[in-house]
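S.K.: coords please:
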Amino acid sequence: MHIHLSPRHLVLTGAINSYVVNKLAHLDNQTDHIIAAHVVLMHDESKKKSNYVVKIHLAVPGPDIHAEDRENDLYAAIDLVMNKLSRQLRKRKTRLVTSKKHKTQVAAERRKRGL
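M.R.: Okay, here's the model as predicted:
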């Protein structure tokens with residue numbers, strides 16, 4: 001998986017970089033179909049609440065997956081976005097498996113009727 005980190009109005013430290021890469025590795029273990037990830041880390045000083053914004057775009061076969069979250073702590077925002085992406089990937093996998101099962105069942109019924 002190709003990972004692209006884009007910090008906006010904050011310094012990308014080695015700790016932040018390794019934290020994001022580690023979290024994305026957990027998503028990569030969940031599914032092998034992630035082609036690339038684009039992570040945008042933003043710090044907004046003008047707002048009193050939710051200073052950090054994390055946006056992640058996952059490139060997968062078919063429709064891409066997006067998630068965004070805001071939090072006062074950068075690491076908490078990263079955790080929340082990763083949880084959202086994990087749920088979306090599970091939902092995508094369930095949808096693909098269900099579709100495949102349905103197609104298999106329809107094909108089996110057609111073969112039965114043809115006999």
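
S.K.: which of the three states applies to Ser46?
M.R.: Put simply, Ser46 is coil when judged by DSSP: H, G, I helix; E, B strand; the rest coil.

S.K.: what about the helices in this protein?
M.R.: Secondary structure of the chain (DSSP state H): helices at 14-30, 74-114.

S.K.: ok and the first one relative to helix 74-114, angle-wise?
M.R.: What it means is helix 14-30. 10 degrees (axes from the mean of the first three to the mean of the last three C-alpha atoms, to 10 degrees).

S.K.: and helix 14-30, what other elements does it pack with?
M.R.: On a contact count with 3 or more C-beta pairs under 8 Å, 6 or more residues apart in numbering; DSSP states H and E, helix 14-30 meets strand 2-8, strand 36-43, helix 74-114. Backbone N, C-alpha and C define where each C-beta goes, glycine included.

S.K.: which of these sits most buried?
M.R.: Of the helices and strands packed on helix 14-30, the one with the most neighbours on average (mean count of other C-beta atoms under 10 Å) is strand 36-43, at a mean of 18.

S.K.: against which helices or strands is that strand packed?
M.R.: Here strand 36-43 touches strand 2-8, helix 14-30, strand 52-59, helix 74-114, going by 3+ C-beta pairs under 8 Å, 6+ apart.

S.K.: how about those, which one is nearest His43?
M.R.: Comparing the helices and strands packed on strand 36-43 against His43 with C-beta to C-beta, the closest turns out to be strand 52-59 (5.8 Å).

S.K.: looking at the helices and strands packed on helix 14-30, which one has the lowest mean pLDDT?
M.R.: Comparing mean pLDDT across the helices and strands packed on helix 14-30, the weakest is helix 74-114, with a mean of 91.

S.K.: list the helices and strands that helix packs on?
M.R.: Here helix 74-114 touches helix 14-30, strand 36-43, strand 52-59, strand 65-71, going by 3+ C-beta pairs under 8 Å, 6+ apart.

S.K.: what's the spacing between the first one and its chain's center?
M.R.: The chain centre lies 11 Å from the centre of helix 14-30; the measure is C-alpha atoms, centre = their mean, to the nearest Å.

S.K.: so which bits of it are buried?
M.R.: Within helix 14-30, the residues that count as buried by 16 or more other C-beta atoms under 10 Å are Ile16, Val20, Lys23, Leu24, Leu27, Asp28.

S.K.: done for today, thanks.
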